[in-house]
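Q: Need a 3D model of the following:
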Amino acid sequence: MRMNRRQLLQAAAASSSALLPYVFTGDAAARDLPTSKNDRFGIGTIGMRYQGTVNTDHALPYGDVVAICDVDREIGEKAVERYGGKAALYEDYRKMLERQDIDVVYVGSPDHWHTQMYIDALLAGKDVYAEKPLTLTVDEGKKLMPVLRETGRVMQTNTRLRSDHVHRLACETAASGRLGRLKRVIVGVGKNPTGGPFAIEDPPAHLNWDLWLGQAPLVLYTKERSHFTFRWWYEYAGGKMADIGAHQLDLAQWGMGMQHSGPIELEGKATYPDVENGYNVATSFEVRMLYPNGVEVITGDGVPGGVRFEGELGWLHGRRGEINGEPFDLLNDDPIAREDYQLYAHDDLSRPLVTGKSGQQDNHAANFFDCVRTRKTPLSDPLSQNGAANVCHLCNIAQHLGRKLRWDPEKELFLEDDEANSLLSRPQRKGYEIKV
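A: Okay, here's the model as predicted:
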């Protein structure tokens with residue numbers, strides 16, 4: 001079989017591990033743009049209601065959408081039209097994964113489908129751009145991570161705030177010791193919506209409701225359970241804690257140097273709605289955690305958005321589009337030199353850091369495709385993103401139980417607490433059990 005330039009590059013890099021130590025990837029955006037039609041990647045994309053489309057749009061400079069999958073036929077047909085009308089449309093993503101012209105799979109499905117789709121795509125020999133949170137439960141991560149190691153595929157998670165200048169500056173400042181010894185980190189994730197009771201209806205003819213539910217319990221169709229509002233039902237997601245928290249708690253752990261660890265103690269509290277067939281995520285919640293380095297992390301719906309690092313020498317608060325702190329001159333008068341970066345760097349950091357959030361999506365996609373070519377570890381690497389997902393799940397468990405818990409980050413188990421450990425997984429509907 002004759003190989004094009006892209007295939008030759010991949011073959012040459014095939015013996016390299018996809019889980020190398022963090023490295024500088026240089027001018028990823030410029031280097032990664034295809035130089036010829038044969039150098040472009042074949043993209044298959046799953047789940048096109050919103051986030052899947054947003055992410056796929058940013059992949060277009062690097063490849064061509066050859067296949068689209070959605071269990072809602074109307075949404076799938078609109079996506080085919082959006083991407084030029086030539087992509088094949090599928091209802092079952094497993095059929096799509098059989099295509100040999102797909103190099104990269106983009107996943108924008110609801111949380112309860114993430115892990116199985118990632119596993120199947122990796123085993124099919126595809127590199128994956130994954131939506132956050134990486135998993136629905138801690139147990140799912142224990143199934144996914146060995147597949148990543150065994151297949152050696154590249155996976156980038158869409159925690160794109162790692163590519164945002166403002167958030168990177170806050171994390172770099174904390175990681176480089178500019179704030180002195182860290183004492184506390186405060187993480188805001190926002191309030192969960194409330195709603196219901198909602199009407200039970202017949203599912204529309206263009207939606208495969210059984211397939212949409214997947215591993216989740218079989219229930220009658222309610223339109224508010226699907227598409228974007230799936231996030232406010234614990235059957236399919238984790239509320240704001242696993243939505244915005246997957247971004248902000250990831251940044252907190254990154255800036256602390258705890259991205260490959262986790263808390264050792266946590267205690268939560270929450271108030272839950274009591275509405276029949278209505279949103280069931282917490283209406284108010286707070287979790288306090290202690291990390292192995294002695295830092296306390298506080299998160300919930302009642303604290304300011306973004307991430308605030310507090311150290312012996314000052315504090316710094318980064319949120320979307322703005323950053324402030326005291327003393328602020330540690331940023332303006334003595335900026336962090338490129339060679340002093342403690343965290344993964346790629347091309348967006350060659351510019352001044354305090355520039356707002358522009359370009360974060362493009363840079364995150366560029367980093368992914370650069371790593372697909374070079375087989376290097378991407379910015380939002382699977383190991384740290386599994387840890388970020390885990391802490392979201394732990395916070396939801398702590399809220400539910402409302403008492404102090406002790407956690408072993410290495411064994412990924414609660415200490416001497418069978419009830420808490422029983423919540424690390426959940427029953428899966430027959431026929432949709434996660435399989436490797």
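Q: what about the stretch 251-400 of the chain, any weak spots by pLDDT?
A: For the stretch 251-400 of the chain, the stretches with pLDDT under 70 are 328-331, 345-359, 361-362.
Q: which residues in it form strands?
A: 265-271, 284-290, 296-300, 306-311, 314-319, 322-326 (DSSP state E, counting those that start in this stretch).
Q: what comes into contact with the fifth one?
A: Contact partners of strand 314-319, identified using CB atoms under 8 Å, 6 or more residues apart in numbering, comprise 166-167, 169-171, 173-174, 178-180, 188, 251, 304-309, 323-327, 330-331. In this view, the C-beta of every residue, glycine as well, is placed from N, C-alpha and C.
Q: Kindly give a single ChimeraX line that selects the buried subset of these.
A: Only the buried entries of those go into this ChimeraX selection, using 16 or more other CB atoms under 10 Å:
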select :166,167,169,170,171,173,174,178,179,188,251,306,307,308,309,323,325,330,331
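Q: pLDDT weak spots in the stretch 1-150 of the chain?
A: 1-38.
Q: let's go with 50 and repeat that
A: The stretch 1-150 of the chain contains residues with pLDDT under 50 at 1-31.
Q: if we can go back for a sec, redo the strands of the stretch 251-400 of the chain as a markdown table? Include distance to residue 149.
A: Output for the strands of the stretch 251-400 of the chain, formatted as a markdown table (distance: least, CB to CB, whole Å):
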| stretch | distance to residue 149 |
| --- | --- |
| strand 265-271 | 28 |
| strand 284-290 | 27 |
| strand 296-300 | 28 |
| strand 306-311 | 30 |
| strand 314-319 | 32 |
| strand 322-326 | 36 |
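Q: For residue 381, find the nearest of the ones you listed.
A: Of all those, it is strand 306-311 that lies closest to residue 381, at 19.1 Å by CB to CB.
Q: which strands and helices sit next to that closest one?
A: When contacts are defined as 3 or more CB pairs under 8 Å, 6 or more residues apart in numbering; DSSP states H and E, strand 306-311 sits against helix 165-175, strand 182-188, helix 239-256, strand 314-319.
Q: between those, which one is nearest to residue 67?
A: That would be helix 239-256 among the helices and strands packed on strand 306-311, by CB to CB, at 26.7 Å.
Q: now the angle from that closest one to helix 165-175?
A: With axes from the mean of the first three to the mean of the last three CA atoms, to 10 degrees defining the directions, helix 239-256 sits at 50 degrees from helix 165-175.
Q: Pull the distance from helix 239-256 to the chain's centre.
A: Helix 239-256 sits 9 Å away from the centroid of its parent chain (CA atoms, centre = their mean, to the nearest Å).
Q: Against which helices or strands is it packed?
A: helix 165-175, strand 182-188, strand 296-300, strand 306-311, helix 382-401.
Q: Turn the helices and strands packed on strand 306-311 into TSV, columns for distance to residue 360.
A: Output for the helices and strands packed on strand 306-311, formatted as TSV (distance: least, CB to CB, whole Å):
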stretch	distance to residue 360
helix 165-175	8
strand 182-188	19
helix 239-256	11
strand 314-319	13
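Q: Return the set of buried residues in stretch 429-436.
A: Buried residues in stretch 429-436, counted by 16+ other CB under 10 Å: 432, 434.
Q: end-to-end on that stretch?
A: The stretch stretch 429-436 measures 16 Å between its terminal residues, going by CA to CA, to the nearest Å.
Q: And the contacts of it?
A: In this structure, residues lying in contact with stretch 429-436 by CB under 8 Å, 6+ apart are 115-116, 119, 123, 140, 143, 146-147, 213-218, 428.
Q: May I see the buried residues of the helix or strand that residue 77 is a member of?
A: Following DSSP states H and E, one finds residue 77 within helix 73-82. Across helix 73-82, burial judged by 16+ other CB under 10 Å covers 75-80.
Q: Now do the helices in the chain.
A: Ranges of helices in the chain, per DSSP state H, are 5-13, 28-32, 51-57, 73-82, 93-96, 111-123, 138-151, 165-175, 209-213, 239-256, 329-332, 360-374, 382-401, 418-422.
Q: nearest residue to residue 124 other than its sequence neighbours?
A: What sits nearest to residue 124 in space, not counting adjacent residues and going by CB to CB, 6 or more residues apart in numbering, is residue 97, at 4.3 Å.
Q: looking at it, that neighbour is touching residue 122, isn't it?
A: No: shown here, residue 97 and residue 122 do not form a contact pair, counting by CB atoms under 8 Å, at 10.0 Å.
Q: quick one: contacts for the nearest residue to residue 313 once chain neighbours are set aside?
A: Leaving aside its chain neighbours, residue 313 sits nearest to residue 180 (3.6 Å; criterion: CB to CB, 6+ apart). For residue 180, the contact set (CB under 8 Å, 6+ apart) comprises 311-314.
Q: again, 7 Å this time
A: Contact analysis of residue 180 by CB atoms under 7 Å, 6 or more residues apart in numbering lists 311-313.
Q: Look up how far residue 296 lies from it.
A: With distances taken as CB to CB, to the nearest Å, residue 180 is found 15 Å from residue 296.
Q: which ones are touching residue 371?
A: Counting by CB under 7 Å, 6+ apart, residue 371 has contacts 25, 154, 156, 377-378.
Q: which of the buried residues of helix 73-82 lies closest to residue 194?
A: Using CB to CB, residue 75 comes nearest to residue 194 of those, at 26.3 Å.
Q: ok, the closest one - contacts?
A: Shown in contact with residue 75 (CB under 7 Å, 6+ apart): 48-49.
Q: Residue 211 versus the nearest residue to residue 146 once chain neighbours are set aside, what's the distance?
A: In this structure, residue 146 finds its nearest non-sequential neighbour in residue 436, 7.7 Å apart by CB to CB, 6+ apart. According to CB to CB, residue 436 stands 20 Å off from residue 211.
Q: before we move on, what about residue 428?
A: 14 Å.
Q: Among the two, which residue is more densely surrounded?
A: Set residue 428 next to residue 211 and count neighbours by other CB atoms under 10 Å: residue 428 wins out with 19 against 14.
Q: Which residue, other than its chain neighbours, is closest to the more buried one?
A: With CB to CB, 6+ apart, the residue lying closest to residue 428 is residue 215, at 4.1 Å.
Q: which ones are touching that neighbour?
A: Residues in contact with residue 215 (CB under 7 Å, 6+ apart) are 112, 428-429, 432-434.
Q: Now tabulate those residues in JSON lines and tack on distance to residue 410.
A: JSON lines is the format used below for these (distance: CB to CB, whole Å):
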{"residue": "112", "distance to residue 410": "27"}
{"residue": "428", "distance to residue 410": "26"}
{"residue": "429", "distance to residue 410": "31"}
{"residue": "432", "distance to residue 410": "30"}
{"residue": "433", "distance to residue 410": "27"}
{"residue": "434", "distance to residue 410": "23"}
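Q: Fine by me, we can end here.
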